[in-house]
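**Q** build the 3D model from these lines:
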Amino acid sequence: MPVFLTTDVLLYLLLAAVAAFVFYARRKKYLRDPWVRVFRRRSGMIAMVLLSAYVAVGVLDSVHFRPVAGYGPQGQAHYAPQVISVLDWIATPLRKHTEKTYSAPFATRLFVKETVPGPNGKERRIYPRLKWAGAGLAHPRKQELGNVLYLGSVGAVEGLAATALLTLLLAWRLARRREQRWRAMLARILRARTDIPWRAGLLTAAAVLVFVFMCANLSPHYHLLGTDKVGQDVFFEAVKSIRTGLLIGTLTTLVMLPFALLLGVMAGYLRGWVDDAIQYLYTTLSSIPGVLLIAAAVLMLQVYMENHPGLFATTAARADLRLLFLCIILGITSWTSLCRLLRGEALKLREADYVVAAVGLGVSRLRVMTRHLLPNMMHIVLIQVVLDFSGLVLAEAVLTYVGVGVDPTMNSWGNMINGARLELARDPVVWWPLLAAFLFMSVLVLAANVFADAVRDAFDPRLRSGTV
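**A** Purely as a prediction, here's the structure:
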């Protein structure tokens, strides 16, 4: 039975809006050319491939449903109370193969010793075998390395085969569009003689596909990044946290943009008492420590949910509401910087010749702001939004670390880092949960920053003209 969480619906609407914008921008040269400049940079193409991989995982994890638990005497279906996603269904072995407690990456035994009875009746301290990892190996110490290399090699070959198929499809598509032979187009792609650096994108896609296929072959037989305190697979937790990071970065932007656009343009163009009131508003809001404001709002929501437990049918709905509320609070507290930038740009553009001419012809103030000012400031909006994305992803980790972030039952990198705080004090140290969260979050933030640089260089008119 399908389940539509609030954040899922918002994500679907956002994807539909992006698809509509792409369809519209392809027909408008002034919108298409800047994006073509973004993808003509190798760094922009590489970052876009990595971000697309993260988005694909986030979308798969945003299609929720309740699986069938059984059938009644008359054939009616009974659904389980647990809500899972398509990603959970695909990664069922990772979700269900839980161990007793900690285990290191690619280990076949527990990380801690246990007392077990010996063959002569005496108790002894050993590292017990894991229930799932390496279960098919009779002699793990001798067979594990060869088995890992074999499964990894098969996954690498499958990833390279998928990359070859993708390359052929791309060459055929480009050749058909330009009315050329596909072999000649394939040679141009492989020799990097195309306007858009398709070879760089394909090499990045090859690395992603090889990684995915290797993990798909190895993860049912081993815990790639070990297990946590309750025996859950750390690699699966890190992958599940991708959706939380993407939603924090995107939904917060949707909340922030209306405030920043409306108030920034009004303050810069109307000036007078309107400018003074808006400046007073965002100055006052900026003076309040953001962490304290977010903490107060989240704690109020937490008290409300505890006093009204009947409003939430499942644990997933409860965690989803807290995530949505966190996005709203982050959006309300983070629009001030963009508003300040748009106000300064509007103060400059209101003196431009085309704005003065529009006012002289009797164009209304609302039409001047929407048709003349706002379109000429969209490059600032786009650049700032892309730059803020990585900061919002990091903000979720920090807020969850201090206890005012997402729900503890929701997978997030912040929850993983918060849990690793105590694990680092153990002897020996349990280091792999922190490493997993750091790696996945670092790749996403790095790709977002590189893509933001490419967008800034393509959309900023001062950089295109060579002036600063």
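**Q** ok, which stretches of the stretch 101-250 of the chain are helices?
**A** Secondary structure of the stretch 101-250 of the chain (DSSP state H, counting those that start in this stretch): helices located at 140-178, 182-190, 198-218, 234-270.
**Q** how about D453, nearest residue that isn't a chain neighbour?
**A** S43 (6.9 Å; C-beta to C-beta, 6 or more residues apart in numbering). Heads up, the C-betas are built off the backbone N, CA and C, glycines and all.
**Q** now do L51
**A** Here the residue nearest L51, using C-beta to C-beta, 6+ apart, is A447, at 5.2 Å.
**Q** tell me the contacts of that neighbour?
**A** With contact taken as C-beta atoms under 8 Å, 6 or more residues apart in numbering, A447 is in contact with 46-47, 50-51, 54.
**Q** for the chain, what helix or strand is lowest in average pLDDT?
**A** When the helices and strands of the chain are compared on mean pLDDT, DSSP states H and E, helix 461-465 comes out lowest with a mean of 56.
**Q** quickly find the element holding the nearest residue to T336 once chain neighbours are set aside.
**A** On the basis of C-beta to C-beta, 6+ apart, the spatially nearest residue to T336 that is not a chain neighbour turns out to be Y282, at 4.1 Å. Applying DSSP states H and E as the criterion places Y282 in helix 272-287.
**Q** and that helix, what does it pack onto?
**A** In terms of contacts (3 or more C-beta pairs under 8 Å, 6 or more residues apart in numbering; DSSP states H and E), helix 272-287 is packed against helix 234-270, helix 336-349.
**Q** restrict whichever helix or strand comes after the last one to CA atoms and write it as PDB.
**A** Beyond helix 336-349 on the C-terminal side, the first helix or strand identified by DSSP H and E is helix 353-360. As requested, the backbone C-alpha atoms of helix 353-360 are provided in PDB (Å, rounded to 0.1, in the frame of the first residue of the first chain):
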ATOM      1  CA  ASP A 353      18.300  53.100 -17.900                       C
ATOM      2  CA  TYR A 354      15.700  50.400 -18.700                       C
ATOM      3  CA  VAL A 355      14.100  50.700 -15.300                       C
ATOM      4  CA  VAL A 356      14.000  54.500 -15.400                       C
ATOM      5  CA  ALA A 357      12.400  54.300 -18.900                       C
ATOM      6  CA  ALA A 358       9.800  51.800 -17.700                       C
ATOM      7  CA  VAL A 359       8.900  54.100 -14.800                       C
ATOM      8  CA  GLY A 360       8.700  57.100 -17.200                       C
END
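**Q** begin at 513 from now on, thanks
**A** Yep, numbering from 513; the last one is helix 865-872 now.
**Q** quick one: buried residues of the helix or strand just after helix 865-872?
**A** Remark: after helix 865-872, the chain's next helix or strand is helix 877-880, criterion DSSP H and E. Residues of helix 877-880 classed as buried under the neighbour-count rule (16 or more other C-beta atoms under 10 Å) are V880.
**Q** equivalent analysis for stretch 717-732, please.
**A** Of the residues in stretch 717-732, those scored as buried under the neighbour-count criterion (16+ other C-beta under 10 Å) are 717-722, 724-731.
**Q** average pLDDT across it?
**A** With pLDDT averaged residue by residue, stretch 717-732 scores 92.
**Q** now stretch 817-834: buried residues?
**A** Applying a neighbour-count criterion of 16+ other C-beta under 10 Å, one finds 817, 828, 830-834 buried in stretch 817-834.
**Q** my read: the residue nearest to T848 touches G776, true?
**A** No: under the criterion of C-beta atoms under 8 Å, Y794 makes no contact with G776, lying 9.0 Å away.
**Q** what is the burial count for Y536?
**A** Around Y536 there are 11 other residues, counting by other C-beta atoms under 10 Å.
**Q** which residues touch D832?
**A** Counting by C-beta under 8 Å, 6+ apart, the residues that D832 touches are 517-519.
**Q** actually L599, not the one I typed
**A** With contacts defined as C-beta under 8 Å, 6+ apart, L599 is in contact with 569, 572-573, 751-752.
**Q** weed out the non-buried ones from those.
**A** Buried positions within these, assessed by neighbour count (16+ other C-beta under 10 Å), are 569, 572-573, 751-752.
**Q** so how far is F516 from R705?
**A** In this structure, R705 and F516 are separated by 47 Å, where distance is defined by C-beta to C-beta, to the nearest Å.
**Q** still on that earlier bit, between Y794 and G776, who's got more neighbours?
**A** Under the neighbour definition other C-beta under 10 Å, Y794 and G776 were set side by side, and G776 has more, 28 against 21.
**Q** so the more buried one touches T848, yeah?
**A** No: taking contacts as C-beta under 8 Å, G776 lies outside contact range of T848: 9.6 Å.
**Q** please identify which of the buried residues of stretch 717-732 is nearest to G872.
**A** Using C-beta to C-beta, A717 is the member of the buried residues of stretch 717-732 that sits closest to G872, with 53.5 Å.
**Q** which residues touch the closest one?
**A** A717 makes contacts with 561, 675, 678, as judged by C-beta under 8 Å, 6+ apart.
**Q** break this protein into its domains for me.
**A** Following automatic domain parsing, one finds the domains of the chain at 610-730, 748-977.
**Q** L525: which of those is closest?
**A** From these, taking C-beta to C-beta, the stretch that ends up closest is domain 748-977, at 9.0 Å.
**Q** chain center to that closest one, what's the gap?
**A** 14 Å (C-alpha atoms, centre = their mean, to the nearest Å).
**Q** for A718, see how far away I602 is.
**A** Taking C-beta to C-beta as the criterion, I602 is separated from A718 by 21 Å.
**Q** same question for G802.
**A** Using C-beta to C-beta, one gets 41 Å for the distance from G802 to A718.
**Q** quick check, central residue of this structure?
**A** In the chain, the C-alpha nearest the mean C-alpha coordinate belongs to L758, at 2.9 Å (C-alpha atoms, centre = their mean).
**Q** now do stretch 891-909, average pLDDT.
**A** When pLDDT is averaged along stretch 891-909, the result is 80.
**Q** CA atoms only for that stretch, dumped as CSV, please.
**A** Included here for stretch 891-909 are C-alpha records, laid out as CSV according to Å, rounded to 0.1, in the frame of the first residue of the first chain:
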residue,chain,number,x,y,z
HIS,A,891,21.9,34.8,-11.3
ILE,A,892,22.6,36.0,-7.7
VAL,A,893,19.7,33.9,-6.4
LEU,A,894,20.9,30.8,-8.2
ILE,A,895,24.5,31.2,-7.2
GLN,A,896,23.6,31.8,-3.5
VAL,A,897,21.2,28.9,-3.4
VAL,A,898,23.7,26.4,-4.8
LEU,A,899,26.4,27.7,-2.4
ASP,A,900,24.0,27.4,0.6
PHE,A,901,23.2,23.8,-0.2
SER,A,902,26.4,22.4,1.2
GLY,A,903,26.2,24.6,4.3
LEU,A,904,22.7,23.3,5.0
VAL,A,905,23.8,19.7,4.8
LEU,A,906,26.6,20.5,7.3
ALA,A,907,24.1,22.4,9.5
GLU,A,908,21.9,19.2,9.8
ALA,A,909,24.9,17.3,11.1
